[in-house]
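Asks: let's see this in three dimensions:
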Amino acid sequence: MSFLDLRGSGRQGRPGSESCSLSLGSLVWGPHALEPGEQGRELRRAPASSVPRDVMQNHLLQMLCLVAMEKPASTNSDDVRDEKVKVLKCISEVQANNVVLGQYVGNPDGEGEATKGYLDDPTVPHGSTTATFAAVVLYVENERWDGVPFILRCGKALNERKAEVRLQFHDVAGDIFHQQCKRNELVIRVQPNEAVYTKMMTKKPGMFFNPEESELDLTYGNRYKNVKLPDAYERLILDVFCGSQMHFVRSDELREAWRIFTPLLHQIELEKPKPIPYLYGSRGPMEADELMKRVGFQYEGTYKWVNPHKL
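Replies: Numbering: from 1, shown residues only. Reported below is the predicted structural model:
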């Protein structure tokens, strides 16, 4: 089994409007997850289902479609959107057992705002059950993606602010390195510092055969130093003037997206489940990592990408 991981932080633009094209033969990959940071849309008076409604149903689902869609017949707007709709039609409604909701609390070891939780905000209603974090597992039920979990993960007050697609490759059968190797991953960094890199195991220089995590990296800011990389909304405004609808959602696409999430949103609003608390500046609730582990994703936490453009 392979896995695809989409991670994101805050609300810095529309991920679906970013441009990225990869050709890697018939490469097979897996689930996705999203992790946002503290900055983002205000949730003070938001409904209990705010994060799944505001971020997952549109932004993250768009990223899922762009990754899972088949090659369109052309770059014509309708050809691209036809393929995205096909993906959405293969996704069943979100199941409650594949959802984790969280709400951040103050970190006693933090400083400043980090010591305050969501409910400590005087403008937040007492006892609010608004989720500031959500993790959801979806499955695209077609021949290419059968059995591959897609993990959508996002929230506020997390340890990192980023938006990325993380494709984790399954373990190779017949391990000869005594479980020293971590899983290889292909990562598409959308925000900040656009980049595409492959995290892979290589032999550490020296006399001994010790594998270590490294990367093959394409950082846009480093590779395209003299090219202005447009913000998401800049690209959309240009599309409006040029009459291109490729990066805009069509009505049938919108209906399918709401079909997937509406039952969950109604359940949250009706039952108002108490979100799981997580510390400000953490990865989110431990239950979210347990959900990812249950569907086969392995989080190691042993490697952190360093932007070479800043070195």
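Asks: residues in contact with Arg189?
Replies: 162-164, 195-197, 305 (CB atoms under 8 Å, 6 or more residues apart in numbering). Yep, even glycine has a C-beta here, placed from its N, CA and C like the rest.
Asks: one more time with 6 Å
Replies: 164, 195 (CB atoms under 6 Å, 6 or more residues apart in numbering).
Asks: where in the stretch 101-250 of the chain is pLDDT low?
Replies: For the stretch 101-250 of the chain, the stretches flagged by pLDDT under 70 are 176-179.
Asks: now the helices for it?
Replies: Assigned by DSSP state H, counting those that start in this stretch, the stretch 101-250 of the chain shows helices spanning 220-223, 232-242.
Asks: now for the next helix or strand after the last one, which elements pack on it?
Replies: When you say that, I think you mean helix 232-242. Under the assignment DSSP states H and E, the closest C-terminal helix or strand after helix 232-242 is helix 251-271. Under the contact criterion of 3 or more CB pairs under 6 Å, 6 or more residues apart in numbering; DSSP states H and E, helix 251-271 touches helix 77-89.
Asks: go again with 10 Å.
Replies: helix 50-51, helix 61-68, helix 77-89, strand 99-105, strand 133-139 (3 or more CB pairs under 10 Å, 6 or more residues apart in numbering; DSSP states H and E).
Asks: tabulate these (TSV), appending mean neighbour count and distance to Phe248.
Replies: Shown next, in TSV, are the helices and strands packed on helix 251-271 (neighbours: other CB atoms under 10 Å; distance: least, CB to CB, whole Å):
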stretch	mean neighbour count	distance to Phe248
helix 50-51	25	23
helix 61-68	24	10
helix 77-89	18	8
strand 99-105	24	28
strand 133-139	26	22
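Asks: quick one: which of these is nearest Lys225?
Replies: helix 61-68 (26.2 Å; CB to CB).
Asks: which elements pack onto the closest one?
Replies: strand 3-7, helix 77-89, strand 133-139, strand 149-155, strand 163-168, strand 185-191, helix 251-271.
Asks: let's go with 8 Å and repeat that
Replies: Helix 61-68 sits against strand 3-7, helix 77-89, strand 149-155, strand 163-168, helix 251-271, with contacts defined as 3 or more CB pairs under 8 Å, 6 or more residues apart in numbering; DSSP states H and E.
Asks: any chance of these in JSON lines, plus distance to Leu238?
Replies: As requested, the helices and strands packed on helix 61-68 are exported to JSON lines (distance: least, CB to CB, whole Å):
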{"stretch": "strand 3-7", "distance to Leu238": "25"}
{"stretch": "helix 77-89", "distance to Leu238": "14"}
{"stretch": "strand 149-155", "distance to Leu238": "27"}
{"stretch": "strand 163-168", "distance to Leu238": "21"}
{"stretch": "helix 251-271", "distance to Leu238": "21"}
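Asks: before we move on, back to that, which of the helices of the stretch 101-250 of the chain is buried the deepest?
Replies: helix 220-223 (a mean of 15; mean count of other CB atoms under 10 Å).
Asks: before we move on, the earlier item: among the helices of the stretch 101-250 of the chain, which is nearest His59?
Replies: It is, among the helices of the stretch 101-250 of the chain and with distance given as CB to CB, helix 232-242, at 10.1 Å.
Asks: dump that closest one to CSV, keeping only the CA atoms.
Replies: Listed next in CSV are the C-alpha coordinates belonging to helix 232-242 (Å, rounded to 0.1, in the frame of the first residue of the first chain):
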residue,chain,number,x,y,z
ALA,A,232,-2.7,32.5,-5.7
TYR,A,233,-5.1,35.4,-6.1
GLU,A,234,-2.9,37.2,-8.6
ARG,A,235,-3.2,34.2,-10.9
LEU,A,236,-7.0,34.0,-10.4
ILE,A,237,-7.5,37.7,-11.2
LEU,A,238,-5.4,37.2,-14.4
ASP,A,239,-7.6,34.2,-15.3
VAL,A,240,-10.7,36.4,-14.9
PHE,A,241,-9.4,39.0,-17.4
CYS,A,242,-8.2,36.3,-19.8
